[in-house]
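**Student:** What follows is a predicted structure for the sequence shown.
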Amino acid sequence: MPMQSLTITRPDDWHLHLRDGAAMAAVLPATARQFARAIVMPNLKPPVINTAQALAYRARIGAALPSGSGFTPLMTLYLTDQTPPDEVRRAKEAGIVAFKLYPAGATTNSDSGVTDIRKTYVTLEAMQREGVLLLVHGEVTDAEVDVFDREAVFIDRVMQPLRRDFPALKVVFEHITTKEAAQYVMASDKNTAATITAHHLLYNRNAIFMGGLRPHYYCLPVLKREVHRQALVQAATCGSAKFFLGTDSAPHAAALKEASVCGAGCYTAPAALELYAEAFDAADALDRLEAFASHHGPDFYGLPRNQARVALRREPWTVPETVPFGQAQLKPLRGGETLAWRLI
């Protein structure tokens, strides 16, 4: 008989977009309800590039939290070509856990990103010395490289030299989407890990085009072929401590997602843990969800595992079709559809 309920250590989200202001206040409760901590992405407008800005952002998040939530935001800084190495020490002393590498132009609000990783080497040396992590959006941005190949090319051009030159630097290859990335991380040393989203575990690129163009399934890195989805499921469910949960939940107002040029990102926060449960259930691997969602991430970051527990039950429920997003409306992934698992 299929498992009907599951109790696990309260999980963390190791890759999250919260935005700012009223939009942030609207989406924050969905994450705080499920997760004890989350790595908060720094790609605001303007980006969070120094410690003072990160601390101010953390204070705004704290002020917007529901009373008694117990949620802790883990802050990051946006790496640029000009990030000074002495910023690393200030960040470390302030409790900031990582810097985020966005190749310039790779995704939403990445225009200030790194144009050539060699320009950041002095700062990366400081990060390696201080024990501050590097989080990587792993795609090249060259126009001549096909969008479906950009992650694999990034491994050759950036990840391999980076790992050779900074072997003691802890690096998270975020939201991996390909068989090549899963194999690369699995074969790498103990200082390389990866996050995987629920939507990349559940869907291949056909989801973007089923019955017409479906912009709410469009994200970057984009969904790939079925062979890549299967490789990600294998990586997530195999028990390796190198892979852990990172939703990459990325809210965009519905009007912007459905525009002629739409923003990249899937908003999964309202049903994040349920979507992961669906993916692990389909792989007959529910017994491995706790390690992926609750153990591997804090272990890699050198943080204590959470003590609280959460429970999931096999119980149909309908994801809201829309939710408020400041003055706009936001459409969650699978909005209006029924899910089989529910966080109780």
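**Tutor:** Cool, the structure landed.
**Student:** what's the closest non-adjacent residue to residue 297?
**Tutor:** Among residues not flanking residue 297 along the chain, residue 244 sits closest, at 4.0 Å (C-beta to C-beta, 6 or more residues apart in numbering). Every C-beta, even on glycine, is put in place using the N, C-alpha and C of the backbone.
**Student:** ok, then the element right after whichever strand or helix holds that neighbour?
**Tutor:** Assigned by DSSP states H and E, residue 244 belongs to strand 243-245. Counting by DSSP H and E, the next helix or strand C-terminal to strand 243-245 is helix 254-257.
**Student:** And the average pLDDT for the helix or strand that that following helix is followed by is what?
**Tutor:** Tracing the chain past helix 254-257, the next element assigned as helix or strand by DSSP H and E is helix 272-282. Here helix 272-282 scores 98 as its mean pLDDT.
**Student:** What lies in contact with helix 272-282?
**Tutor:** The contact list for helix 272-282 (C-beta atoms under 8 Å, 6 or more residues apart in numbering) reads 2-3, 6, 11, 13, 30-31, 34-35, 198-199, 201-202, 233, 236-237, 245, 247, 249, 268, 286, 288-289, 292-293, 310, 312, 333-334, 339-343.
**Student:** packing partners for the helix or strand following that helix?
**Tutor:** Next along the chain after helix 272-282, taking DSSP H and E as the criterion, comes helix 289-290. Using 3 or more C-beta pairs under 8 Å, 6 or more residues apart in numbering; DSSP states H and E as the contact test, the elements touching helix 289-290 are strand 5-9, helix 272-282.
**Student:** any idea which helix or strand comes after helix 289-290?
**Tutor:** Assigned by DSSP H and E, the successor of helix 289-290 is helix 296-301.
**Student:** Tell me the buried residues in that following helix?
**Tutor:** Neighbour-count burial for helix 296-301, with 16 or more other C-beta atoms under 10 Å as criterion, is recorded at 296, 297, 298, 300, 301.
**Student:** distance of residue 316 from residue 239?
**Tutor:** Remark: distance between residue 316 and residue 239 (C-beta to C-beta, to the nearest Å) = 29 Å.
**Student:** Settle it for me: which of these two has more neighbours?
**Tutor:** Neighbour comparison, residue 316 and residue 239: the larger count goes to residue 239, with 12 against 9 (by other C-beta atoms under 10 Å).
**Student:** now the residue lying closest to the more buried one once chain neighbours are set aside: how far from residue 277?
**Tutor:** Residue nearest to residue 239 in three dimensions, not counting chain neighbours: residue 288, with 5.7 Å by C-beta to C-beta, 6+ apart. Distance, residue 288 to residue 277, by C-beta to C-beta: 11 Å.
**Student:** Could you check which of these two is surrounded by more residues?
**Tutor:** Legend: neighbour count by other C-beta under 10 Å for residue 288 and residue 277, higher for residue 277 (26 against 16).
**Student:** circling back: please name every helix or strand in contact with the strand holding residue 244.
**Tutor:** strand 13-16, strand 192-196, helix 296-301.
**Student:** mind running it again at 10 Å?
**Tutor:** Judged by 3 or more C-beta pairs under 10 Å, 6 or more residues apart in numbering; DSSP states H and E, the packing partners of strand 243-245 are strand 13-16, helix 179-187, strand 192-196, helix 226-237, helix 272-282, helix 296-301.
**Student:** where along the stretch 51-200 of the chain do the helices fall?
**Tutor:** Per DSSP state H, counting those that start in this stretch, the stretch 51-200 of the chain carries helices over the ranges 51-64, 86-93, 121-130, 150-154, 160-165, 179-187, 198-202.
**Student:** Now render those helices as CSV, adding distance to residue 281.
**Tutor:** CSV is the format used below for the helices of the stretch 51-200 of the chain (distance: least, C-beta to C-beta, whole Å):
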stretch, distance to residue 281
helix 51-64, 32
helix 86-93, 39
helix 121-130, 38
helix 150-154, 27
helix 160-165, 34
helix 179-187, 20
helix 198-202, 11
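**Student:** Nearest approach to residue 222 belongs to which of these?
**Tutor:** helix 150-154 (8.9 Å; C-beta to C-beta).
**Student:** And the closest one, what's buried?
**Tutor:** By 16+ other C-beta under 10 Å, the buried positions in helix 150-154 come out as 150, 151, 152, 153, 154.
**Student:** Adding distance to residue 50 and pLDDT as columns, could you present those residues in a markdown table?
**Tutor:** Output for the buried residues of helix 150-154, formatted as a markdown table (distance: C-beta to C-beta, whole Å; pLDDT from 0 to 100):
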| residue | distance to residue 50 | pLDDT |
| --- | --- | --- |
| 150 | 29 | 96 |
| 151 | 29 | 97 |
| 152 | 33 | 97 |
| 153 | 31 | 97 |
| 154 | 26 | 97 |
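**Student:** Name the nearest of these relative to residue 86.
**Tutor:** For those, the residue nearest residue 86 by C-beta to C-beta is residue 154; the value is 28.4 Å.
**Student:** Excluding covalently adjacent residues, which one is nearest to the closest one?
**Tutor:** The shortest distance from residue 154 to any non-neighbouring residue, by C-beta to C-beta, 6+ apart, is to residue 138 (4.6 Å).
**Student:** any idea how far the one you found lies from residue 275?
**Tutor:** For residue 138, the distance to residue 275 (C-beta to C-beta) stands at 22 Å.
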